[in-house]
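# okay, structure incoming, though there's no sequence with it:
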């Protein structure tokens, strides 16, 4: 299987005045195309920081991040924004849906950055909503949907531009167990049936069980890798 993500000697330091906080320490990591990786660790271990660096939302203090042959750590802000729009889908704990827009219009939002026509945007959003099982909720606004349905709309929005990579930060952290299971099963299906490479940050071992393997961060350093599940 081809390597999609290569991380070498990655460090991240935040400086506030005279205070220097090193969040990640010399991380080396390879993630293959089509992997579904869970990232676990205690609060403050650097999980979200690492996820944000891989997703191009932040820049490292040292080291390199190569994704599909591109050094994203060397990109300018504008280049990185264009790269994110074309290559990464984001799913967060809180759904970040626009409350005044329908599910359909929320899913279309990333496509406004493209040159697609309005009719093509609508068609693509309809396909994404069908994929997450919500084609019958296209005209509903967020307050007319359950938490699990809102998160599925957020996943549809994340995949509507057919990204290479999905990065998910505690995507089930605000859901009850039944809704969480629906969302995790959907992510698993996107990985297995549609070949999406997925990285999920979670505190929940039941969520991590849906991934093919789990990495553990502790105080900014990668610890052991769990055995892959069947």
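In hand now; what should we look at? These figures come from a predicted structure and were not determined experimentally. Numbers count the residues shown, from 1 in each chain.
# ranges for the strands of this structure?
Secondary structure of the chain (DSSP state E): strands at 3-16, 19-32, 36-40, 62-67, 70-71, 88-92, 165-169, 197-201, 213-218, 221-225.
# same question for the longest helix along the chain: list its buried residues.
For the chain, the helix reaching the highest residue count under DSSP state H is reported as helix 177-194. Going by neighbour count (16 or more other Cβ atoms under 10 Å), the buried part of helix 177-194 is 179-184, 186-188, 190-191. (Each C-beta comes from the backbone N, C-alpha and C, glycine too.)
# what ranges of the protein fall below the confidence cut-off?
Across the chain, residues meeting the criterion (pLDDT under 70) sit at 1, 224-230.
# middle-most residue in it, spatially?
residue 167 (1.3 Å; Cα atoms, centre = their mean).
# any idea how far the nearest residue to that one once chain neighbours are set aside lies from residue 100?
Distances taken as Cβ to Cβ, 6 or more residues apart in numbering place residue 55 nearest to residue 167, at 4.3 Å, with adjacent residues excluded. Residue 55 sits 27 Å away from residue 100, taking Cβ to Cβ, to the nearest Å as the criterion.
# looking at the two, which one has more neighbours?
When residue 55 is set against residue 100 and neighbours are counted by other Cβ atoms under 10 Å, the residue ahead is residue 55, at 21 against 10.
# next up, phi/psi of the more buried one, please.
Listed backbone geometry of residue 55 is phi -80, psi 0, with angles given as degrees, to the nearest 10.
# so how far is residue 20 from it?
Taken as Cβ to Cβ, the spacing of residue 55 relative to residue 20 amounts to 24 Å.
# separation between residue 128 and residue 138?
10 Å.
# which one's more surrounded, those two?
More neighbours surround residue 128 than the other of residue 128 and residue 138, with 26 against 19 (other Cβ under 10 Å).
# show me the contacts for the residue nearest to residue 59 when sequence neighbours are not counted.
Excluding the flanking residues, the one nearest residue 59 by Cβ to Cβ, 6+ apart is residue 73, at 6.4 Å. Residues touching residue 73, when contacts are defined by Cβ atoms under 8 Å, 6 or more residues apart in numbering, comprise 59-60, 63-65.
# ok, now with 6 Å
For residue 73, the set of contacting residues under the criterion of Cβ atoms under 6 Å, 6 or more residues apart in numbering consists of 60, 64-65.
# just send the residues you listed back as TSV, with distance to residue 120 and neighbour count too.
Formatted as TSV, the entries for these read as follows, by distance: Cβ to Cβ, whole Å; neighbours: other Cβ atoms under 10 Å:
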residue	distance to residue 120	neighbour count
60	36	20
64	36	14
65	32	23
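# could you export those residues as JSON lines, including distance to residue 7?
As requested, these are arranged in JSON lines below (distance: Cβ to Cβ, whole Å):
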{"residue": "60", "distance to residue 7": "9"}
{"residue": "64", "distance to residue 7": "7"}
{"residue": "65", "distance to residue 7": "5"}
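# out of the residues you listed, which is nearest to residue 111?
Sorting those by distance to residue 111 puts residue 65 at the head of the list, at 26.1 Å, by Cβ to Cβ.
# so that closest one bridges to which residues?
With DSSP bridges applied, residue 65 shows beta-bridge pairing to residue 7.
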